[in-house]
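> Sequence plus predicted model, see below.
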Amino acid sequence: MKIAQVALRFDAPGGVETTVRELSRRFLGSGQEVEVFASDLFDESRWSRGAAFRPEVEGVPVHRFHAIKRPIVPWYSLPLMPGLVDALAESRADVIHAHSHRYGHVLQSAAVAGRCGIPLVVSTHYHPADREEPTLKRGLLRVEDMLFGVAAYRRASAIVVETEIEARLVREFAPADRIHIIPPGIDLAEWSDSAPSAAPPADLPERYFVFVGRVASNKGLPLLFEALARIPAGPERIPLLLMGPDWGQRQRLEGEARRLGLEPWVRWIGPVEDRRLWRTIVRRATAVVLPSEWEAFGMVLAEAMAAGTPVVATAVGGIPEVLEQGRSGRLVPYGDPSALAEALRAVRNDPETTRRLVERGRIRTSGLDWSECARRHLELYGSLVGR
């Protein structure tokens, strides 16, 4: 079977990008033919382009297109990839799998699928409008949801979502009978106790909380800083490490840390490319903290749970499903720094509950492997190609 995977960005940080990479690797390993079609963007938020993208990533060919912005209204543009339509049509793929929502490449993929009679699968990775968006923009994004439902999802043979809550939201503008829930995965072998790890950096604190992800506006980091400031300075307050690339928020957050008197307690690690070192930092953490305003799933939480590291996260998006409504990790309401501070303190002050949550988390992640995710996708593709 020949599979064309289409995404705005590839070989770059992000949950969508990880999903495309891990599925492509496993499709290739199972004997399928796989190609990835992506733009030349590395950081979409700042519209920066990659300077040294590879034509092949772990054996998977990657076709790059120069991304452009098609203005919709003065402050909102639709990213498009000129040349993608012809390249997809010429690929002779058996299945086209487009990733993300409200992007031009999804519409372009739908056009090719309709014209060439190729089954189209869309993984929405749905994200509602950010809370900080103005009312007018939120309304226009809602209109765009409906337009994508008509222009893309009614043409799709199948729509893949990661959680029940995502399915519920997508049903409002997409055909309910085509929606399939397939959770993403993690590399369980990578997080096993026998997996090789790197020596910790010499300056790594003995105890610390760690945030893992892009330093972006929707990750709730001001809330996390407020929570840390509510823990009295002393033995209970431990450093916070931020591990991930800056998406234009670090300068603002550094000012917030100064305002709250947290500069000695906040450390910026930046992106960590060495996966062994990544695992070491996550494994040794007192807790992994994810204070986001929305997460479709939150793969970093699953990795922490597999590693036996306690997790604290906001009860938004798919996170409550990942944490089994609080049975596998501590959940707090978004926007409540007092509740977040209390949950951080409880990680150490209530060791028995923490131990129970960690044990349950390991059980929860035992079936969340990328190989299972890939198997279910191939099963879905096969049913569509046969049909």
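Great, that's in hand.

> Residue 6 is in contact with residue 96, correct?
Yes - applying C-beta atoms under 8 Å, one finds residue 96 in contact with residue 6, separated by 6.6 Å. All C-beta atoms are positioned from the backbone trio N, CA, C, and that covers glycine.

> So for those two, which sits in the more crowded spot?
Comparing residue 96 with residue 6 by neighbour count (other C-beta atoms under 10 Å), the higher total belongs to residue 6, at 30 against 26.

> Let's see the pLDDT reported for the more buried one.
Here the pLDDT value assigned to residue 6 is 98.

> Residue 351 now?
At residue 351, pLDDT is 96.

> That one: how many residues sit nearby?
Here the number of neighbours of residue 351 (other C-beta under 10 Å) works out to 11.

> and the gap between it and residue 362?
17 Å (C-beta to C-beta, to the nearest Å).

> What of residue 333?
26 Å.

> Which of the two has more residues huddled nearby?
More crowded of residue 333 and residue 362, by other C-beta under 10 Å: residue 362, with 14 against 11.

> and the more buried one, what does it touch?
Residue 362 makes contact with 305-306, 308 under the criterion C-beta atoms under 8 Å, 6 or more residues apart in numbering.

> try it again with 10 Å
Counting by C-beta atoms under 10 Å, 6 or more residues apart in numbering, residue 362 touches 191, 305-308, 328.

> out of those, who has the most neighbours?
residue 305 (28 neighbours).

> that older thread, so can I have JSON lines of the contacts of residue 362 showing pLDDT?
Formatted as JSON lines, the contacts of residue 362 follow (pLDDT from 0 to 100):
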{"residue": "191", "pLDDT": "91"}
{"residue": "305", "pLDDT": "97"}
{"residue": "306", "pLDDT": "96"}
{"residue": "307", "pLDDT": "95"}
{"residue": "308", "pLDDT": "96"}
{"residue": "328", "pLDDT": "97"}
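
> In helices only, show me these.
Within the contacts of residue 362, membership in helices is found for 305-307, as judged by DSSP state H.

> Just give me the neighbour total for residue 141.
Close neighbours of residue 141, defined as other C-beta under 10 Å, add up to 16.

> let me fix that: residue 133
Counted with other C-beta under 10 Å, the neighbours of residue 133 add up to 13.

> One more: residue 245?
17.

> Show the contacting residues for the nearest residue to it once chain neighbours are set aside.
Once flanking residues are discounted, residue 245 sits nearest to residue 271: 4.6 Å by C-beta to C-beta, 6 or more residues apart in numbering. Residues in contact with residue 271 (C-beta under 10 Å, 6+ apart) are 13, 214-215, 243-246, 278.
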